[in-house]
Structures are given as C-alpha cells and as structure tokens.
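# Just to be clear, the model below is a prediction. Sequence and coordinates:
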Amino acid sequence: MKVMDAAELIETAYLDDFGSGVQKKPSSSDGAQAYLLSDGTLVIPGTNEPTDWTKYNLNFFSLRQYRKSNGIRFHSGFLTHAQSILSWARDKNVKCITGHSLGAASAQILGPILNAPTICFASPKVSLKQFVKYRNEERVLCFNRKDDMVANVGGWLFRHLGRVESLDPKGPHIGGDHKVKFYKELLVLDRYKHLPQSWP
C-alpha cells in the first residue's frame, strides 16, 4: 500500500464517502467505525463521536491483557476499540490496514493479530513499555508529527508498536497539526523522501 494512498483513504473514511461496494462496520452499538474495501484494505478513522472520548480514548486506568499475544498489556480503551473491530473483520480476509488517531491505536493492535501490513498516522501509544516485543509488530509503520499531542498520549508509561517515523514541521504550527492533511503536507517534502513511500 502506498503511504499517500493510505492517507487519502483515511480522509475519505471521515467523509463516509467510499460509495457502494465497501463494507462498513455497523457502529450503532459501540461507536467503533471501520471500512473494508474490495481489495482487502481495512480503513479505521479516529474519534468522530463524543462517546469515543469516555469509552475509548480516556479509558486507560484499567489496563487489559490480550492473552492470545503472550499476555501483553494494552491501554484498555484502545484494546476495547480494536477488539470491537476485530470481531467484525476477523473473517473478512484483511490484506492491509490503515488508521488515524484512535483508528491508528486500533490498527497497531490489529495489524499484528491479522498479520497484515499496517500504516498509521497520528498514533497514540498503546502498549505498556515493559512488554518489549509484540508478535508481528514489525508489520506496523507509524508516522507521527512532533507537534501532535495525540502521538504522545501515554507518556513514559506506554509505547508505540512497530516502526515509528517522526515528522518535524521545523517551526511553529498552531492548531490543526493532528489532521491527516497536515501529515500529507510534510510527507511530500524533500527531506522525507528517504522514508518508506509504500508499506511493506
């Protein structure tokens, strides 16, 4: 999957503008949204409902384990969000995954479980640092802006999964740094041509 294509898919997901032929996860019961494209790409947008904050983003006090992955401990809300999507997508032949923000948190967890290459933007930290290795986590690629506060959620206690590439705007950028379009603006700069243009 090309990195810029992944970013554009995220933007389309926020607009809910994929059209017919795309499977959409019903979100009425739990708010977790996801789209499965005909080529097997799973697209997971981030926070888009007020309840996402209390149910997922801020629900980190009760750390939970994913026992099928050697007891690794995750941010509770992110794991809950990921498991909701997993229960819908597990048997759908997912080929690759992309996610943004809350969706990137889920994507980090789901990519290794589904053994699918995964591209994340504006990724929060999801796993306790004491668990150094997560099975298949090398399939995950995260792009995080240094000025994006969401990318530092979890502080010193948690870590990102997979390969993390930090993007530096080289100057003040007040507001809007979390949106995908501002990630795209940096990724096309010459100084980032050495970063992966596609994944894997």
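Thanks, I have the structure now. Numbering: from 1, shown residues only.
# Just the pLDDT at the nearest residue to residue 25 once chain neighbours are set aside, thanks.
Take residue 25 and drop its neighbours on the chain: the residue closest to it by C-beta to C-beta, 6 or more residues apart in numbering is residue 34, 4.3 Å away. Where C-beta positions appear, they are placed from N, C-alpha and C, glycine not excepted. Residue 34 is assigned a predicted lDDT (pLDDT) of 95.
# I figured residue 34 was touching residue 41, is that so?
No - contact criterion C-beta atoms under 8 Å: residue 34 and residue 41 do not qualify, at 10.7 Å.
# Show me which of those two is the more surrounded one.
In this view residue 34 and residue 41 are compared by other C-beta atoms under 10 Å, and residue 34 has more residues nearby, 28 against 20.
# The more buried one: what's it in contact with?
Applying C-beta atoms under 8 Å, 6 or more residues apart in numbering to residue 34 gives the contacts 24-25, 42-45, 85, 88-89, 103.
# Recalculate using a threshold of 7 Å.
Residues near residue 34 by C-beta atoms under 7 Å, 6 or more residues apart in numbering: 25, 42-44, 85, 88-89.
# which pair in those residues spans the largest distance?
43 and 88 (13.0 Å; C-beta to C-beta).
# Which one's more surrounded, those two?
residue 43 (26 against 19).
# Give the rounded mean pLDDT of the helix or strand that that one is a member of.
If you go by DSSP states H and E, residue 43 is part of strand 41-44. Strand 41-44 shows a mean pLDDT of 98 in the predicted model.
# same for it, what does it pack against?
Applying 3 or more C-beta pairs under 7 Å, 6 or more residues apart in numbering; DSSP states H and E, one finds that strand 41-44 contacts helix 3-15, strand 96-100, helix 102-114.
# between those, which one is nearest to residue 195?
helix 3-15 (7.8 Å).
# Skip ahead from the closest one and say which helix or strand is next.
Proceeding N to C from helix 3-15, the next assigned helix or strand is strand 23-24, under DSSP H and E.
# Setting aside sequence neighbours, what's the nearest residue to residue 84?
Distances taken as C-beta to C-beta, 6+ apart put residue 32 closest to residue 84, at 4.1 Å, once the chain neighbours are dropped.
# wait, that neighbour sits on residue 86?
No - contact between residue 32 and residue 86 fails when scored by C-beta atoms under 7 Å: they sit 9.9 Å apart.
# So for the two, which sits in the more crowded spot?
Each of residue 32 and residue 86 has its neighbours counted (other C-beta under 10 Å); residue 32 has more, 26 against 19.
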